[in-house]
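Chemist: I would like the atomic coordinates for the input below:
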Amino acid sequence: MGITITATNPKYEFDMGYFGFFQLRKEIALALDKEFGRSYADLAHCHTQEEYAANDKAANQIIRKNHLDRYADVLDFLYMSDSVGEVGYKTCGNILRLIRNLEGVAGFRYGSMQHNDWEEFMEFLQDCYSHHKKMRWR
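Modeler: Numbering: from 1, shown residues only. Next comes the predicted model:
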């Protein structure tokens, strides 16, 4: 069981596991802000409520300190449920602007280490933005 990212009348479909989805969102978090991205990546090492609470507190401090609240829609995407969610076309455009220059990042789909995952994902985001489509995952 995994996650599929798609949109209304999809030209693109991205199948991945939960780890792949975390990797995708971690790279977006790093593109947003390196310090915040490292804190976001630390979520993978949280196992208790106390560890999650400490991570949450640290992330909120970074968001305030680095004025990341202007990216509230992207932050919402990063912290939405893994199992089901959606974001609007404007958020897709904002994510695209953040990751446009990503290079040398491993793929995120099942069994993929290809860099073209990101190229196709950027095309997908551009399509969502240009045609006012929501990005959905389940």
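Chemist: Work out which residue lies at the spatial centre of the protein.
Modeler: Arg25 (2.7 Å; CA atoms, centre = their mean).
Chemist: got a pLDDT number for that one?
Modeler: Arg25 is assigned 97 on the pLDDT scale.
Chemist: May I have the secondary structure class of Phe108?
Modeler: Using DSSP: H, G, I helix; E, B strand; the rest coil, the structure places Phe108 in coil.
Chemist: From Thr8, how far off is it?
Modeler: Distance, Phe108 to Thr8, by CB to CB, to the nearest Å: 22 Å. Where you see a C-beta, it was placed from the backbone N, CA and C, and this is true even at glycine.
Chemist: Which one of those two is surrounded by more residues?
Modeler: Phe108 (25 against 12; other CB atoms under 10 Å).
Chemist: Longest helix of the protein, counting residues only.
Modeler: Assignment by DSSP state H gives helix 49-65 as the longest helix of the chain.
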